[in-house]
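# the sequence isn't on hand, but the structure is:
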Ligand code: BGC
């Protein structure tokens, strides 16, 4: 349904809002009033007797649970909110690589949103993890736009299936917390299109979120909230977004400019100040009233489409949602390492077996860190800790020692970290296997600030060293919202489990994996680097003097580590299972080569969506347990006019296989999947030629590759006075002539190398190669005819 259409079906309570009829009856002041919030969380109502009244609707955070503040509203997570299921954070959700599961999580989030009379859940957040230091990475899905887009679309579709809306955020290039309300993200357009906008584009095209939330920051010096190119040309005109754009809370600096740019709703309330500015601008002839009408219509439409759910809120099953949160937490656990140890039949430590004599060390096992701080902080309906979950599941009184304090918070023992460590070492000495729970304290990562290093707290590493010195059978279980450095200590532990911030059931979910009730199938959606200095944004993060330069261009995450041939701790896409998978018959075939097919319709465009290359791989579960493999398809273009990443994820599928079972997986690639954003032509371009298509278990564990030859677009630029001699020689129409002129003008091959880069205008002005300005003009006319 387009924005212009009304939603006129009466609700369960007989309410109906005829958008066009209501809009036509509003005064300018009333229309302007719709464009900002009433308070922190609701849109402004219009009260009228006898028809034409417009209710306000509530929007609320988001993204991994509902944070509905009943009273004393604030947006930084301080006030209490109603109990809601705290699903795993996006760090965990991203690691599931499972759109079908996230669709179910979305449905549950939607049910809770609806049951609480909320119209829009403020999420998901799909910003790219440019740096592991971003304090808010836990709220984002991946360093890769295909993962962010696919999983983001699944969440949006799930939430919206319940008759409530989403707000896809933060649009765009909000990749750090430092200076987030001012900083200009200085990014070239190709990088924006291929990395930072691509996930948003995918979600908009697949799932049409009801709303999009603009980010605080500037993009190339223009505030996102005032960026007409971003909010109107790209989002609406190119991608076909039909919903409403709202501001992040307090992101509007110039309301009139923002309305003109396409920012419909400013949140939260401005106390009427900016409404008056809009009215004054219209009266002064600085803003067209028709532009106000467009924005007001979008707000009315948001209200109208919210009414059916608001009038029939329904209920939800908190126990069932907790179970889903647990299933999802387990699905996002990444088994990083599980090497064989001595004395266990030559096998690894995981999954744990009865008789292992397990002891648990680490305060985080008892006091879980399961979500991040800030606007996304949910008040959970209940909370599972790993220690209790382990005791419950095993029926054993598993011994425990805290080992350290989290953020210096003493649980009343009155002891310091040295004493806690000594106590843990004594416990570990006699244990069969020691589970050591480590992670980042809340003070390390949060909305509002970034980390400055990747290290775990020193006392935690000291604990691990002391425990491993007395017992080598160590399993480390991590709780963190973004990559930490594992290299300094991971040799001390034969098994390492990345548990992320798994939500209210994170504790039981990770225990399900440790015990083998769930076979781990999470995969890293972000690279774990060896060192911070290896990260592509290093030196350009978080910027200086109000600017952050995205100097690494498209080489974000694994694209960079691959291009620079850098070793990493664990590569993008990595994750072990308790079973093993073999790949056979990786093959790729071209389905159609009719002239490329990337959209050549002008500025921006997308893709015709048709499959161009079909990739096949047969995967066999070669172990003795049922398990899931994520088949990852990467594409590289070895010869191109522009620098392209070595390989890029373009498709993936999570498949569940019984022991011994084989399945052929088929994944299709579109023209767009092979294309790059041409910075001069300002459109997607498919450059014909060879592409290398690989399938594998991670970005660095490719199990087979095939080469396909694909027809492409003509990406030749028009010849102009500033085209070089070499470019002219390359030209299909005048190339031979220019070649003859240059060589005829006594320029040998040795000199050609020198003049090859000389602009034709300079050649003409020097009178070289028999060219003068008039001859050049004729030549160019012929070339471009
Ligand atoms: C955050 C948003 C959030 C909003 C409302 C802002 O500070 O950046 O993600 O939705 O507050 O709480």
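Done, it's in. Predicted model only: the values in this text are computed from it and were never measured.
# any weak-confidence spans in the stretch 551-700 of the chain?
Applying pLDDT under 70 to the stretch 551-700 of the chain flags residues 592-608.
# in it, what residue comes closest to the ligand?
Closest residue of the stretch 551-700 of the chain to the ligand, CB to the nearest ligand atom: residue 556 (21.4 Å). In this view, the C-beta of every residue, glycine as well, is placed from N, C-alpha and C.
# just checking, residue 427 touches residue 399?
Yes - the pair residue 427 / residue 399 is scored as a contact, 5.7 Å apart, by CB atoms under 8 Å.
# so what sits against both of these two?
Residues touching both residue 427 and residue 399 (CB atoms under 8 Å, 6 or more residues apart in numbering): residue 359.
# who's more crowded, these two?
residue 427 (19 against 14; other CB atoms under 10 Å).
# can you show me the strands along the stretch 551-700 of the chain?
Taking DSSP state E, counting those that start in this stretch, the strands of the stretch 551-700 of the chain run over residues 568-570, 581-590, 611-621, 627-636, 648-657, 662-670, 676-678, 683-685, 689-698.
# model confidence score at the nearest residue to the residue of the stretch 551-700 of the chain closest to the ligand once chain neighbours are set aside, please.
Spatial nearest neighbour of residue 556, excluding adjacent residues (CB to CB, 6 or more residues apart in numbering): residue 195 at 5.2 Å. pLDDT, residue 195: 98.
# helix/strand/coil for residue 195?
Under the three-state scheme (DSSP: H, G, I helix; E, B strand; the rest coil), residue 195 adopts helix.
# how close does residue 240 sit to residue 503?
Look at residue 240 and residue 503: by CB to CB, to the nearest Å, they are 33 Å apart.
# now do the same contact list for the nearest residue to residue 179 once chain neighbours are set aside.
Nearest non-adjacent residue to residue 179, counting by CB to CB, 6+ apart: residue 542, 6.5 Å away. Going by CB under 8 Å, 6+ apart, residue 542 touches 131, 133, 176-179, 183, 450, 548.
# cutoff 10 Å now
Residues near residue 542 by CB atoms under 10 Å, 6 or more residues apart in numbering: 130-131, 133-135, 175-180, 183, 449-450, 452, 548.
# what does residue 583 give?
Counting by CB under 10 Å, 6+ apart, residue 583 touches 617-620, 629, 631, 665, 695-697, 701-704.
# same thing but at 7 Å, please
617, 619, 695, 703-704 (CB atoms under 7 Å, 6 or more residues apart in numbering).
# which one of the residues you listed has the most neighbours?
Highest neighbour count within these: residue 695, with 28 neighbours (other CB under 10 Å).
# quick one: it and residue 619 touch, right?
No - using CB atoms under 7 Å, residue 695 is not in contact with residue 619, being 8.8 Å away.
# pull up the overlap in contacts between these two.
Taking CB under 7 Å, 6+ apart as the contact rule, residue 695 and residue 619 both touch 583, 631.
# interface residues of the stretch 301-450 of the chain facing the ligand?
residue 375 (CB under 6 Å from any ligand atom).
# chain center to the least confident helix or strand in the chain by mean pLDDT, what's the gap?
When each helix and strand of the chain is scored by mean pLDDT, DSSP states H and E, helix 749-755 comes last, with a mean of 74. With CA atoms, centre = their mean, to the nearest Å as the basis, helix 749-755 stands 48 Å off its chain's centre.
# buried set for that helix?
Across helix 749-755, burial judged by 16 or more other CB atoms under 10 Å covers residue 755.
# mind listing the strands for the stretch 301-450 of the chain?
For the stretch 301-450 of the chain, strands defined by DSSP E, counting those that start in this stretch occupy the ranges 334-338, 358-361, 379-380, 400-401, 433-439.
# strand partners of the host helix or strand of residue 212, parallel vs antiparallel please.
Element membership of residue 212, judged by DSSP states H and E, is strand 211-214. Strand pairing for strand 211-214, determined by DSSP bridges: strand 165-171 (parallel), strand 244-247 (parallel).
# give me the contacts around the helix or strand following the last one.
Spelled out, that is strand 244-247. Per DSSP H and E, the first helix or strand lying C-terminal to strand 244-247 is helix 255-261. Contacts of helix 255-261 with the rest of the structure, by CB under 7 Å, 6+ apart, involve 35, 225-228, 231-232, 252, 266, 274, 277-278, 281, 286-287, 291-292, 295.
# got the contact list for stretch 559-576?
143-144, 334-336, 338, 486-487, 520, 522-524, 526-530, 534, 536, 552, 555, 557-558, 632, 645-648, 698-700.
# again, only using 6 Å
Outside stretch 559-576, the residues that touch it by CB atoms under 6 Å, 6 or more residues apart in numbering are 334-336, 338, 486-487, 522-524, 527-530, 534, 536, 552, 555, 558, 632, 645-646, 698-700.
# just the buried residues of these.
The buried subset of the contacts of stretch 559-576 - by 16+ other CB under 10 Å - is 334-336, 338, 486, 522-524, 527-530, 534, 536, 552, 555, 558, 632, 645-646, 698-700.
# from one end of stretch 118-131 to the other, what's the distance?
This stretch, stretch 118-131, spans 33 Å end to end (CA to CA, to the nearest Å).
# could you see whether the ligand lies near it?
Yes - contact between stretch 118-131 and the ligand is present through residue 122 (criterion: CB under 6 Å from any ligand atom).
# what does that stretch rub up against?
With CB under 6 Å, 6+ apart as the test, stretch 118-131 has contacts from 57-63, 68, 109, 113, 137, 139-141, 143, 148, 152, 155, 159, 165-167, 169-170, 174-175, 195-196, 199, 211, 306, 526, 535, 537, 541, 556.
# distance between stretch 157-167 and the chain's centre?
18 Å.
# and that stretch, which residues are buried?
Neighbour-count burial for stretch 157-167 flags 157-160, 162-167 (criterion: 16+ other CB under 10 Å).
# wait, does that stretch contact the ligand?
No - using CB under 6 Å from any ligand atom, we find that stretch 157-167 stays clear of the ligand, coming within 7.1 Å at best.
# mean confidence for that stretch?
98.
# contacts for it?
For stretch 157-167, the external contacting residues (CB under 6 Å, 6+ apart) are 103, 106-107, 109-111, 113-114, 120-122, 156, 207, 209-211, 213, 308-309.
# mind giving me the ChimeraX command for buried ones among these?
To isolate the buried members of the contacts of stretch 157-167 in ChimeraX, using 16+ other CB under 10 Å:
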select :103,106,107,109,110,111,113,114,120,121,122,156,207,209,210,211,213,308,309
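# next SSE after the strand holding residue 212?
strand 218-219.
# distance from the helix or strand just after that next one to the middle of the chain?
The element immediately downstream of strand 218-219 (helix or strand, assigned by DSSP H and E) is strand 222-223. Remark: strand 222-223 is offset 22 Å from the chain centroid, using CA atoms, centre = their mean.
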